[in-house]
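[1] I'd like to go over a predicted model; first the sequence, then the structure.
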Amino acid sequence: MSLIEVNNLFKIFGKNPTKAQKMLAEGYSKDQILSKLQATVAVNDASFTVEQGELFVVMGLSGSGKSTLIRCLNRLIEPTSGRVIIDGAEVTKMDHNALQDLRRQKISMVFQGFAVFPHMTVLENTAYGLKIRGLPLKERNQKAYETLEMVGLKGWENYYPDQLSGGMKQRVGLARALATEPDILLMDEAFSALDPLIRKEMQNELIQLQNTVRRTIVFITHDLDEALKIGDRIALMKDGAIVQIGTPEEILMNPASNYVEKFVEDVDRSRVLTAEMVMKKPIAVVTYPKDGPRVALRCMRENGISSIFAVDNRFRLQGIVMAEDALEAVEQNQKDLTQILNRDISTVKPDTILKDLFSLLSQNNLPLAVVDNENRLLGIIVRGSVMAKLAEGGGADD
Ligand code: ADP
Ligand code: MG
């Protein structure tokens, strides 16, 4: 069972929500409905699930409905129709008390700017949610101390927010949300106002936190880089509708629509990064025709790899050998690699842009070979390292 389940959720602001929904079903656009009815379609038929422990990113341009969607999850905004189910309970049917319990016990929210209380110390800010829950002073302070240490603010407990930098204030906000140990963390552009360096730091912090105290997080951003870096899965919103849901890799490799493709193209570095920047030195190669299947197999075993490139004595690429083929060749007592050398492999040039590598990488699981004009092997590219490079968020050479 998914921790969060959203079914056919609609939110329409303004007049005639029912009529607006009918027009949507008839195929009218958000703009048409706005001019005809003065109703704003903020969320249009959104359905998705979020698994326990997942960091689920909702991404889209400004005005695409992200904030409305996330606020419908705990009904800070009342949906027009549709269902929200959290941990098996239908939120969209909860009465006032049940809803209040849900917000206090299960869900924490972190907004842009974080809204820390200026008249409270860092410690009091952090313990605030626990105070609301009625935890005694000693216990809530202890929990607050622990949480502050977790977000790197040990030693700052008795300072006031205006004595802290922007990044540290964000950490206080994060600590306050984490202190209650919520099942679900809703983060709406929580890092968007930060300057790029601190933002990157916070993203790393969040990833690290997820590796230790795994929470279920719905994280909103309008920044593709951020989404790719931290998201387990990403939902892309446009005009209130979710147009694609997938892992970062799926989104980059198979943009589901022109809109997604454009989004990916607009922001990403896949057009700036080249093969040369993401390639690695091959861990090991064999020489063809000198080396035989035994050498190849041994070399793969020693290096923990399942395929190996073969080059000639001038390092010109000859092909690739798979471990299982080498094993078979050894068993059949073959002396050289001719029978098992796979010559039909994809190669790219050092200046091939990343964007053009995705389809090649998705076609098979073998590493891509980067070769120069004389077909000399310069490096190899594996899927994982491309994603890592993209997620780095920095320039080309760091
Ligand atoms: P995002 O967070 O992606 O920027 P929002 O959810 O804030 O988008 O807004 C989605 C759409 O709903 C926008 O067209 C916005 O103008 C409209 N909207 C948001 N809140 C309200 C409101 N309280 N009243 C009327 N329209 C609203
Ligand atoms: Mg918003």
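    Looks like it arrived, so ask away. All values derive from a computational prediction rather than experimental measurement. Residues are numbered from 1 along each chain as shown. Ligands and ions are numbered 1, 2, ... in the order given.
[2] pLDDT score assigned to the residue nearest to the spatial centre of the chain?
    Closest residue to the average C-alpha location of the chain: Gly231 at 1.6 Å, with C-alpha atoms, centre = their mean. Confidence at Gly231, expressed as pLDDT, is 91.
[3] ok, it - contacts?
    55-57, 219, 247-248 (C-beta atoms under 8 Å, 6 or more residues apart in numbering). The way it works is simple: take the backbone N, C-alpha and C, and place the C-beta from them, glycine included.
[4] Grab the nearest non-local neighbour of it.
    Counting by C-beta to C-beta, 6 or more residues apart in numbering, Val57 is the residue found nearest to Gly231 once chain neighbours are left out, at 3.6 Å.
[5] distance of the one you found from Met150?
    Distance, Val57 to Met150, using C-beta to C-beta, to the nearest Å: 22 Å.
[6] neighbour-wise, which of those two wins?
    The neighbour comparison of Val57 against Met150 (other C-beta atoms under 10 Å) goes to Val57, with 27 against 19.
[7] which residues does that one bridge with?
    Assessed by DSSP bridges, Val57 has beta-bridge partners Phe219, Ile234.
[8] contacting residues for it?
    Contacts of Val57 by C-beta under 8 Å, 6+ apart are 219-221, 226-227, 230-231, 233-235.
[9] ok, 7 Å please
    For Val57, the contacting residues are 219, 221, 227, 230-231, 234, by C-beta atoms under 7 Å, 6 or more residues apart in numbering.
[10] what's the answer for Met23, then?
    Ile33.
[11] which helix is the longest one in the chain?
    helix 196-212 (DSSP state H).
[12] Mind listing what's buried along stretch 156-172?
    Residues of stretch 156-172 classed as buried: 156-157, 160-161, 164, 167-172 (neighbour count, 16 or more other C-beta atoms under 10 Å).
[13] which of these lies closest to ligand 1?
    Lowest distance from ligand 1 to the buried residues of stretch 156-172 (C-beta to the nearest ligand atom) belongs to Gln170, with 18.7 Å.
[14] Just confirm that closest one is within a helix.
    Yes - applying DSSP: H, G, I helix; E, B strand; the rest coil, one finds Gln170 inside a helix.
[15] burial count for Leu99?
    Leu99 has 15 nearby residues by other C-beta under 10 Å.
[16] re the thing from before, could you single out the nearest of the contacts of Val57 to ligand 1?
    Among these, and counting by C-beta to the nearest ligand atom, the member closest to ligand 1 is Thr221, at 10.0 Å.
[17] just checking, that closest one touches Ala190?
    No - using C-beta atoms under 7 Å as the test, Thr221 is too far from Ala190 to be in contact (8.5 Å).
[18] how deep is Asn254 tucked in, by neighbour count?
    Neighbours around Asn254, by other C-beta under 10 Å: 14.
[19] how close does it sit to Leu361?
    12 Å.
[20] Check Leu186 too.
    From Leu186 to Leu361 the distance is 34 Å (C-beta to C-beta).
[21] quick revisit: check the buried residues of stretch 156-172 against ligand 1, which are close?
    Among the buried residues of stretch 156-172, no residue is within reach of ligand 1 (C-beta under 6 Å from any ligand atom).
[22] Rebuild these as a markdown table, extending it with pLDDT.
    Output for those, formatted as a markdown table (pLDDT from 0 to 100):
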| residue | pLDDT |
| --- | --- |
| Trp156 | 95 |
| Glu157 | 96 |
| Tyr160 | 95 |
| Pro161 | 91 |
| Leu164 | 90 |
| Gly167 | 81 |
| Met168 | 87 |
| Lys169 | 87 |
| Gln170 | 83 |
| Arg171 | 87 |
| Val172 | 91 |
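[23] Could you dump those residues into TSV and include distance to Val285?
    Shown next, in TSV, are the buried residues of stretch 156-172 (distance: C-beta to C-beta, whole Å):
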residue	distance to Val285
Trp156	52
Glu157	56
Tyr160	61
Pro161	57
Leu164	53
Gly167	45
Met168	49
Lys169	52
Gln170	47
Arg171	47
Val172	52
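[24] Closest one to Leu273 out of the residues you listed, please.
    Gly167 (27.4 Å; C-beta to C-beta).
[25] Please list all residues in contact with that closest one.
    With C-beta under 7 Å, 6+ apart, Gly167 has these contacts: 194, 198, 201-202.
[26] try it again with 8 Å
    194-195, 198, 201-202.
[27] Ok, Gln112 next?
    188-190, 192-193.
[28] for the stretch 1-150 of the chain, which spans come out with low pLDDT?
    Applying pLDDT under 70 to the stretch 1-150 of the chain flags the ranges 113-114.
[29] Can you pull up the residues of it that come close to ligand 1?
    So the stretch 1-150 of the chain meets ligand 1 at 13, 40, 42, 60, 62-68 (C-beta under 6 Å from any ligand atom).
[30] Of those residues, just the buried ones, ChimeraX syntax please.
    Only the buried entries of these go into this ChimeraX selection, using 16+ other C-beta under 10 Å:
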select :13,40,42,60,63,64,65,66,67,68
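[31] Of the residues of the stretch 1-150 of the chain next to ligand 1, just say which sits nearest to Gly379.
    Distances from Gly379 to these, taken by C-beta to C-beta, are shortest for Gly60, at 36.1 Å.
[32] Not counting sequence-adjacent ones, nearest residue to that closest one?
    Met237 (3.4 Å).
[33] Likewise for Gln363?
    Per C-beta to C-beta, 6+ apart, closest to Gln363 is Ser346, 7.4 Å.
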